[in-house]
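Novice: need the 3D shape of this:
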Amino acid sequence: MLFLVLGRGKTGRVIADVAHEHGHGVRVVGEEENRSAMALTAPFLATFDAVIDFTTPEAAIHNMRACLANGARMVVGTTGWYDHLNDMRSLAARKGAGFLYGTNFSIGVQAIYRLARELAVAVPTYQFKITETHHTSKKDVPSGTALSLRQAVQTANPSLNVEIVSKREGDVAGVHILEARSADELIELKHEAFSRRAFAEGAVRAAEWIAGKTGVWDFSEIANQL
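Specialist: Next up, the predicted model:
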């Protein structure tokens with residue numbers, strides 16, 4: 001397969017490496033070459049089996065509009081744009097595109113979401129709190145993963161209020177801790193990404209999965225198929 005990776009940042013570079021390891025061809029386009037999605041023309045997009053976006057919230061919105069309007073297959077790991085989610089889902093459906101998005105493409109994080117839902121039901125009277133730590137260049141606060149983790153807890157138990165504490169330190173790839181506390185004990189679920197490869201591996205597998213498909217999915221809906 002041939003994949004287009006949007007974004008020359010640290011994650012984008014790792015995605016390109018992982019895709020090569022999987023035996024795929026890769027073209028990487030940076031934001032300086034693709035301002036306002038100017039490079040994403042219909043003839044250009046038609047040459048790729050899937051597009052993978054790990055850019056910035058602002059750039060991702062332009063990229064999604066261009067790719068989905070042309071019926072491309074697209075995997076979006078960028079976060080911070082979800083106030084436009086309904087518009088992007090509608091555009092993908094109208095244009096017969098393939099659209100797969102997610103706040104975190106780590107398989108381990110998907111397991112944490114499932115465990116969080118179970119914990120919310122098991123100890124419904126405890127106080128819940130999420131602490132997330134990322135690198136200083138991450139723009140969205142709180143992280144999309146923290147918001148999804150809170151959603152998982154509150155979907156399982158709508159009565160729970162979940163505080164989120166965000167920290168930005170150094171080059172931290174991502175740490176999320178879900179805490180459930182009572183007066184007598186503390187339960188913690190922790191996920192720590194040691195590198196961006198955990199996200200890159202999931203993103204490449206997602207691109208392999210969506211190639212040739214039409215529809216709209218959250219990564220959490222299909223992660224167990226990879």
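Novice: so which bits of stretch 29-46 are buried?
Specialist: Val29, Gly30, Glu31, Asn34, Ala37, Ala39, Leu40, Leu45 (16 or more other C-beta atoms under 10 Å). C-beta coordinates here come from the backbone N, C-alpha and C atoms, glycine included.
Novice: among those residues, which ones are in strands?
Specialist: Val29 (DSSP state E).
Novice: looking at the buried residues of stretch 29-46, which has the smallest pLDDT value?
Specialist: Comparing pLDDT over these, Glu31 scores lowest. The value there is 87.
Novice: ok, it - contacts?
Specialist: By C-beta atoms under 8 Å, 6 or more residues apart in numbering, the contact set of Glu31 is Gly7, Arg8, Thr55, Thr56, Ala59.
Novice: is the residue in the chain sticking out farthest from the centre in a helix, a strand, or coil?
Specialist: Distance from the C-alpha centroid of the chain peaks at Asp184, with 35.7 Å (C-alpha atoms, centre = their mean). Classification of Asp184 by DSSP: H, G, I helix; E, B strand; the rest coil places it in coil.
Novice: got phi/psi on it?
Specialist: Phi and psi for Asp184, reported as degrees, to the nearest 10, are phi -110, psi -10.
Novice: and the gap between it and Leu160?
Specialist: 18 Å (C-beta to C-beta, to the nearest Å).
Novice: coming back round to it: in helices, which of the contacts of Glu31 fall?
Specialist: Among the contacts of Glu31, DSSP state H puts Ala59 in helices.
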